[in-house]
Every structure is written in structure tokens, then in C-alpha cells.
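K.L.:
okay, predicted coordinates and the sequence, questions at the end:
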Amino acid sequence: MRFWKILLLIIAYTICLSIYYSSPVYGNEEAVSASADASTVIPEGFTADDELKLTENKETFQFQAEVNRLMDIIINSLYKNKEVFLRELISNASDALDKLRFLSLSSPEVLGDNKDLEIKISFNKDLKTLTIRDTGIGMTKSDLLNNLGTVAKSGTTNFAEALSEGADLSLIGQFGVGFYSVYLVADKVRVASKNNDDDQYIWESTADSSFVIAKDPRGNTLGRGTEITIFLKEDAEDFASQQKLEELVQKHSEFITFPIYLYKKSTEVLDPEDEADEGDEEEEESSESDLEVAEEEEEEEKSKEKKHVESWDWSRVNNNVAIWSRDKEEITDEEYKAFYKAISKEPNDALTWIHFKAEGEVDFKSILFVPDIAGTLYDEYNTKKAAIRLYVRKVLIQDDFEDLLPRYLNFIRGVVDSDDLPLNVSRETLQQHKVLKVMAKKLVRKVLEMLRKLANNGKDDSEDDEDASESTGLDPSDPDHPYIKFWNQFSKSIKMGIIEDAANRSKLAKLLRFKSLNSDDKYTSFEEYVKNMKDWQKEIYYIAGESIDVVKKSPFLEVAKRKGVDVFFLTDAIDEYTFQHLSDYDGLKLQSLTKEGLKFNDEDEDTIKKRMKLYKENFKPLTKYLKDLFSDKISKVVVSQRVENSPAVVVTSQYGHTANMERIMKAQTLSSQENVKAMSASKTLEINPRHPIIIELNNLINANVDTQDVKDLAHLILDAALQTSGFTQEDTHTYSERVYRIIANNLNIKSLDLANEIEVPEEEEEEIELEKPEHDEF
């Protein structure tokens, strides 16, 4: 018998344990404690009597299994960006107001006496509650049951699956279950709602797998709409802060169509009231009584102090208007400028903007701005995201959605608002979605169109007729032209676009600007260059160097100056990379003056060939001698037709790096000297057959004069050619020894051996005699 009693006790104990461990509160003592605390709080607007009646009349319902799963994910989430709950609740409130406004178009009576469509937010630090109220369409008892308790399985299932795949919890609203994000910050939520077709009801849940619904014992206090009271968790009490709430509303919901009011505290400093003057109607009293009155008034003034009076009132926090939803003909430049400052937080005006509505496969509205300065953009180019705000029905989804614009356009600011974005996909799928790709393609095209207009004084040469900034009337090369100001700030971005965006390369090429040989220190476009080309010219010439001053002095420009052809100056480190990817413009090849293959087509080709043949024959001994002498530095030596006044230049192969590119590669922080040498182009020494130095050196070689002096002179010609061509001197020690030998030779010094050190003569010791005093002193 005793055995059976023990066995029964063990079985009972086991059952109790299994019930306890399977309970949703097991291991969550803090949540249980917090829930208990929340259940004892009586929110504003309710009395203890009201709470008692709610308890007596409540009906308890179980959440749908999928909702339970969703709630469990949210409650146990470690998600840090909990502020999204406010965005979702305001978005829901805005939807409720939109529904009511739509109904009122056909049935104005639905507005009743309360025609104000608005959202109000209040908080109570002592009770740790946050309340969001709207005057929208409201919910009936059935709506509360269906919308907040047994929502469609698809939304919760898809969202849960998206989370398991690594999606961001902030996208909860895109699955139609945004309301439940409130449990990121809430221990308990109470929803009071009044629909015109039903009484006022209350829905309440602590997210413990069940919820209750009861008729509001207070009656119709809302008139119409919904009021959500959030009992904040201990780690979310900072949301009961005036400053925090104001920041969040302005961040996520500043462009909501309906006014959003926050119940704010303000402190006013009151000065003591001044005594009113008696006026001329009173007669003057005796001087003695006047003196007594003055003394009394002075004492009263001293006793008065300034008072600090605190007051609470509703204050609108979303003052910015979503101007992108308005017709652009109705919007003034001042409004665009004010809107830009609102979204960018920049003190300066935008340089230009474009406002458009896209229709077709996807409909969206957008305003895009170009800032006036780059700031630190290129210091953080690889990590900087385009500041494009993505809205869905005027609700901010993300404030830096990077997939809408490519990286080279990350300086663009603006907004994109669409009703067509998919709502039931994860972030990863959203980023690859076809709709976004279509939007991105359209946005890039509009940005390039905006910049093209800016460059063309507001003229539009694209197929669309969209407004941008007004025409300036300035010459496109004028330093004060808006596009030149843009180019001085953002030229690197356009050049990076040439490298990164092959699809738009031809459009971007029209936006390029460079200073040139014939532009008088002004910028020139490819179109202007082609317009001013010589009739015989078949290539676009350019030269790259460290600075404008350096390239202007280059010997490679000598023939170009004589022939009057223009030459682009590439002085930015990225310029040559850009030209390597561009290769040609409008069918015209881009030709470097410092590379092989340079031809000027202004002379008869047969005449040139005959002349070059004669020169090659005459200077064959010198070219062979120099090639043998410089075999470790130069791949070949040829007679040049590109130099005018210099004895020689050094050029690189057609597909090799120029001297400027080698300089850039060597200057890179992580560059390897071995790799730089391996990637260095083969060098060709081109000699000027008309220069006296070259002619005399050729004569010496023909006379078989091969002394050290001749070798030094030949090396000096190469050294000078390398440096004037932009290359660096590698062996400075040998170079300096050679220069000293040439100096010594010109000074007729036979030997460079050092002279003996000068001998220092020994100094003789001087005897110092003490002077005897003239008189002895005692």
C-alpha cells in the first residue's frame, strides 16, 4: 500500500513539473513580474470602478496559433531598433483616417460633429504609459476580434519565415502585422475604439496567448476613432519622453498627410506686472505723500520675483508637408529649398533639383536634389550611402536605401514615395525585386537628366519634359556657372560613374569637363572640343600630369601648340582611369600625347614616310648606340615627329601605363614596388632629329668617339628626357656622380680625388707678465 502511495506522489510531482516547464511563463520571471505591475496600473481616463467593470464584463479569446508564434518572436527578440513600433502605429492611424476621408466623399455624415482628422500622442512618466489616439474610422467589436486577434495567416507566416532567413524586424509593417511591433516596448496594450456602427469597445492583452474584449464602461468617450494605451516595459521607459517622441515622429512620420500633435510641456517665464500709471485725471498730492507712495512702490517691486509657469498643451510636430505629392507647377522655388533643408538638415540651398512622377510598370513620385558642397563625401566614399528616403504612402521605410542609386551618385539627396512596393517579402528579396530595379533605373536616368539640364542652362535634350532649375544665361565655361560649381565639388563622382556604370557611360561622358590647352584656364566639354576640332583631326588628344602648370610645360605639347590643336589636361588622379574605360567619344579615339601611335593628319602621309625614312637612315648609328647603352632602361630608340624644341622625350607603349599613372601607383599606400615594376610599361626614347645636341652627338658616334664624356652626355639626355616626360629618377646616386663628372669636365678638372685636409698651425703660448703697482700700499 505504501508503495502505491509513493508511486502516486511521484506521478503527481512529474505532472506538475511538466505543466510548469511547458508554461509560457517558465524562465520569464521578469516578464511575469512586469506584467503583474502593468496589470495594477490604472491608465488616465479610467477609474477603479471602470477597471472593475471591465474585469466583470470581459470576454476572453485565444490568439490564433500563428499570431502566438509572432508574439513570441517579438517578445523574446533582442532587436535594438525598437522605435519602429511608433512608426507602425502612426501609419495604422493614418490608414484609419484615410479610410474615413474616403468614405466621407460619398457620405459626409460619417464625420458627424468631429470633422478634425488628426493623430494625438501623449505620455505619462509616472504611470509609464504612452497613448496614441486618432479620429479615424475606428473599429467595431468584430473588427477588434478579427484584426487584432486572428489576422490572416499569410502575413504572420511570411514574416516569421522572413525573420528566420535573416530579415530585419523593422520591416514588420510590410507584412500587415505592424501593430504587434508594439510588444517590443509594451508589457500590456489596451485599445479603445469607436466605430459609427457600434458601441465603444476595449481590447486588451499582455501577450500571454490570449486577449480580452469588453464594452467600454465609460461609454462613448472617443466620439470616433481609436486610442491605444501602451504600458511600457522597464527597458522602454525612455519612450515616455517628450524629446524622444518628438524626434521619432519627425524622423519617421514628418510627412504624414494628417496633423500629428504631441501633448507637450512648456515653461514660461513671467515678469512681474508693472503698476499702471494713475493718469492725468488724478490730481497731484502733496510732496510728502508722493514720497511715501514712491517708497512703498519700490519695496513692492523688490519683493516681486520672476515666476516660472509650466503648462501642457497640444503642439503639432509634423509641420513639413509632403510636397512631392503635389503638382510641381504649384510649388515655388522657396518651398523646394525649404523642403531640401528639412530632409538634409543642411543650412545651404540645393544647387538644383528635379521633381517627377514615374508611371508604367511601377508608379512612384520623387524629388531629387544636388547639394552645393561635397563636404567629407570623398573621405568616406566607399561607405557613404545615398541619402534617399524611401517612403510607402508617405511613411518612412528607410532613410538611406542604398539600392535605389549606384554608389557614384551617393551625393544625391531626396525622397521616393511609392504605393507599389511589395509588402510581403524580406529585405533581401526586396533588394533584388524587379520593381526596385525598375525604380533604380528610372532614378539614375532622372539624375543624369537633371545634371544635363544644369550643364545646358536648363535646356532639356532628353525625351521627357521635366522641370529642373531655371536657366542661368551664363556661358557653360564661366566659373560662376552652376554646373561648373557642381563640377568643382562632385567631378570625381561623374568620373567614377564612367568607370562603374557601363550602361550610362555615353550619357556620363557628356557631363565630363576638363581644362585644355586652348581653353584659357576654363573647363571644356567633349562636345565643345569636337566642335572646335581641326578639319584634319581624327582623334581627341589628352595629356596627364601632376598639375596644370606641369603639363603646360611638357615637351609633348610642343607640336600640338604649333599645329593649334586642343589637348585635354588630365590632372586628377582618377582621370586616366576614367579615360581608360571611356576609350572613345562619339566614334573619336582618345589619344594620349605621351604614348606611341600618335599621328597628326595635317600633312601628306607619303611625304612624312619619306622624310622619316631619311631621318632613320641618317641617325641609325646614334639610335643603335643609345639602344645598346640604355638596354636596361629603354626598350627602343626611334626618331620622333612629336617634339619641336626638346632634344628627346620618353614615351610608353600604346596599352601601357603612362609616367603619370606610374607616379600614382607608386604613391598608393598599399602599393608593392615589385608589382609597380612588373606593371610598368616599356619605354621608348624618341630623339629630335632637328635638335643641335642630337645632331652633334650623332656626329660623334659616326666618328667613333666613345669616351666616358660621350656616354655621360648621352645619359644626361636620357635623364633630362625622363624627367621632362614625367618619370622619376630611379638611380639618383649614379645620376649625381654623372652630373659631377660633367661639371668637372667643364671646369677642366682632371681628377675628382679629394684634396688633402688643411693643416691647422700650432698656436704659440704667450707669457703673461703681472704689472707691478707703482706704489706699495700698506
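P.N.:
Perfect, I can see it now. Numbers count the residues shown, from 1 in each chain.
K.L.:
so which strand or helix has Ala721?
P.N.:
Assigned by DSSP states H and E, Ala721 belongs to helix 708-724.
K.L.:
what does that helix rub up against?
P.N.:
For helix 708-724, the external contacting residues (CB atoms under 8 Å, 6 or more residues apart in numbering) are 554-555, 625-626, 629-630, 633-634, 646-650, 685, 693-694, 697, 700-701, 728-729, 735, 738-739, 741-742, 745. C-beta here means a position set from N, CA and C on the backbone, and glycine is covered the same way.
K.L.:
and what of stretch 373-383?
P.N.:
348, 384, 407, 410-411, 489-490, 492-493, 496.
K.L.:
which parts of it are buried?
P.N.:
374, 377, 381 (16 or more other CB atoms under 10 Å).
K.L.:
buried only: go through the contacts of helix 708-724 for me.
P.N.:
554-555, 625-626, 629-630, 634, 646-650, 685, 693-694, 697, 700-701, 735, 738, 741.
K.L.:
how near is the closest residue in space to Leu700 that isn't next to it in sequence to Lys683?
P.N.:
Distances taken as CB to CB, 6 or more residues apart in numbering place Val710 nearest to Leu700, at 5.6 Å, with adjacent residues excluded. To Lys683, Val710 is 22 Å away according to CB to CB, to the nearest Å.
K.L.:
between these two, which has more neighbouring residues?
P.N.:
Between Val710 and Lys683, counting by other CB atoms under 10 Å, Lys683 is the more crowded of the two (21 against 15).
K.L.:
wait, that one sits on Lys633?
P.N.:
Yes: with contacts counted by CB atoms under 8 Å, Lys683 reaches Lys633, the gap being 7.0 Å.
K.L.:
thinking again about what came up before, closest to Phe619 out of the buried residues of stretch 373-383?
P.N.:
Proximity of the buried residues of stretch 373-383 to Phe619 (CB to CB) peaks at Tyr381, which lies at 49.7 Å.
K.L.:
element containing that closest one, please.
P.N.:
Per DSSP H and E, there is no helix or strand for Tyr381.
K.L.:
mind checking how far it is from Phe369?
P.N.:
Taken as CB to CB, the span from Tyr381 to Phe369 is 19 Å.
K.L.:
just Leu582 next, same as before
P.N.:
Counting by CB to CB, the gap from Leu582 to Phe369 is 28 Å.
K.L.:
neighbour count: these two, which is higher?
P.N.:
In this view Leu582 and Phe369 are compared by other CB under 10 Å, and Phe369 has more residues nearby, 27 against 19.
K.L.:
any idea how many residues pack against the nearest residue to the more buried one once chain neighbours are set aside?
P.N.:
The shortest distance from Phe369 to any non-neighbouring residue, by CB to CB, 6+ apart, is to Ala350 (4.1 Å). For Ala350, the neighbour count with other CB under 10 Å is 21.
K.L.:
so what's Ala350 up against?
P.N.:
Ala350 is in contact with 336-337, 340, 344, 369-372, 413, counting by CB under 8 Å, 6+ apart.
K.L.:
of the residues you listed, which is the most crowded?
P.N.:
Counting by other CB under 10 Å, top hit in the contacts of Ala350: Phe369 with 27 neighbours.
K.L.:
and it, what element?
P.N.:
With DSSP H and E as the criterion, Phe369 is inside strand 364-370.
K.L.:
quick one: contacts of that strand?
P.N.:
323-325, 336, 339-340, 344, 350-358, 388, 411-420, 439, 443, 446-447, 450-451, 454, 486, 490.
K.L.:
after the helix or strand of the chain with the lowest mean pLDDT, next one along is what?
P.N.:
Using mean pLDDT, DSSP states H and E, the weakest-scoring helix or strand in the chain turns out to be helix 29-40, at a mean of 48. Using DSSP H and E, the helix or strand that directly follows helix 29-40 along the chain is helix 48-57.
K.L.:
contact partners of that next one?
P.N.:
42, 202, 204, 214-215, 217-218.
K.L.:
mark which of these are buried, thanks.
P.N.:
Applying 16+ other CB under 10 Å to the contacts of helix 48-57 flags 202, 204, 214-215, 217-218 as buried.
K.L.:
identify the farthest-apart pair in those.
P.N.:
Glu204 and Arg218 (14.2 Å).
K.L.:
point out where this structure drops to low pLDDT.
P.N.:
Residues of the chain meeting the criterion pLDDT under 70: 1-39, 70-71, 73-80, 150-177, 270-307, 421-433, 458-474, 669-679, 765-778.
K.L.:
and the strands in the stretch 101-250 of the chain?
P.N.:
119-124, 129-134, 186-194, 201-205, 210-215, 225-232 (DSSP state E, counting those that start in this stretch).
K.L.:
after the helix or strand hosting Ser506, which helix or strand is next?
P.N.:
In the assignment (DSSP H and E), Ser506 maps to helix 505-509. Next in sequence after helix 505-509, counting helices and strands by DSSP H and E, comes strand 514-515.
K.L.:
can you tell me what sits against the next helix or strand after that following strand?
P.N.:
Downstream of strand 514-515, the next assigned helix or strand under DSSP H and E is strand 523-524. Contact with strand 523-524 is made by 477, 484, 487, 513-516, 566, 568, as judged by CB under 8 Å, 6+ apart.
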